[in-house]
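**Student:** next one to model:
(3 chains)
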Amino acid sequence: MSPAIPTFPDRVYRVVAHIPHGRVTTYGLIARSLGAPRSARMVGWVLRRTPPEMNLPCHRVVNRIGLLSGGWHFGHPDIMRDLLRDESIPFRDDYQVDLSTCLWNPADDPDLDSRHVP
DNA sequence: GCCTTGACGGCAA
DNA sequence: GTTGCCGCCAAGG
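**Tutor:** Coordinates of the predicted model:
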């Protein structure tokens, strides 16, 4: 049978699904954990096409400075901001989270096999 | 079939 | 410290 090679979107979904409650990560960290440190943009492209049926915590993904760059994709940045605030995620500004205390690195999760084979 | 945009990031000037 | 450009890959006009 087909080995079911995990596609790029599948890997992104898996990482996002493993983001702990009350924590956030960045597009760059996700891309880097997938072995494509320069494809952070692709992560955002994948998340934009994320089916809502997956119920992925895509609101826990922010850019490298903690800004809710994808807030408008939830209808309004306030929606994303409210979701994060509901998880007690500290905010530095109205639309910027404090990565210093809630940043989560996918590579730090032992459950994730983010090791890319040569 | 070509050009522009896009939920980004790193580096140079 | 700020501003701008390039890279990456795909979809839309």
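**Student:** which one of the residues in chain A is closest to DNA strand B?
**Tutor:** Going by CB to the nearest atom of the strand, DNA strand B is nearest to A:Gly70 of chain A, at 2.0 Å. Every C-beta, even on glycine, is put in place using the N, C-alpha and C of the backbone.
**Student:** that residue: neighbour count?
**Tutor:** A:Gly70 sits with 18 neighbouring residues when counted by other CB atoms under 10 Å.
**Student:** that one and A:Met80 touch, don't they?
**Tutor:** Yes: the pair formed by A:Gly70 and A:Met80 meets the contact definition of CB atoms under 8 Å, at 7.1 Å.
**Student:** for A:Gly22, give me its contacts.
**Tutor:** Contact analysis of A:Gly22 by CB atoms under 8 Å, 6 or more residues apart in numbering lists A:87-89, A:102.
**Student:** which of those lies closest to A:Gly35?
**Tutor:** A:Cys102 (24.8 Å; CB to CB).
**Student:** pretty sure that closest one contacts A:Pro20?
**Tutor:** No: counting by CB under 8 Å, A:Cys102 sits too far from A:Pro20 to count as a contact (9.4 Å).
**Student:** tell me which of the two has more neighbours.
**Tutor:** Counted by other CB under 10 Å, A:Cys102 and A:Pro20 do not tie: A:Cys102 has more neighbours, with 21 against 14.
**Student:** check contacts around A:Pro37.
**Tutor:** A:28, A:31.
**Student:** shouldn't it be within a strand?
**Tutor:** No: per DSSP: H, G, I helix; E, B strand; the rest coil, A:Pro37 lies outside any strand segment and is coil.
**Student:** could you check how far it is from A:Ala107?
**Tutor:** 11 Å (CB to CB, to the nearest Å).
**Student:** same deal with A:Asp93?
**Tutor:** 27 Å.
**Student:** all good on my end, thank you.
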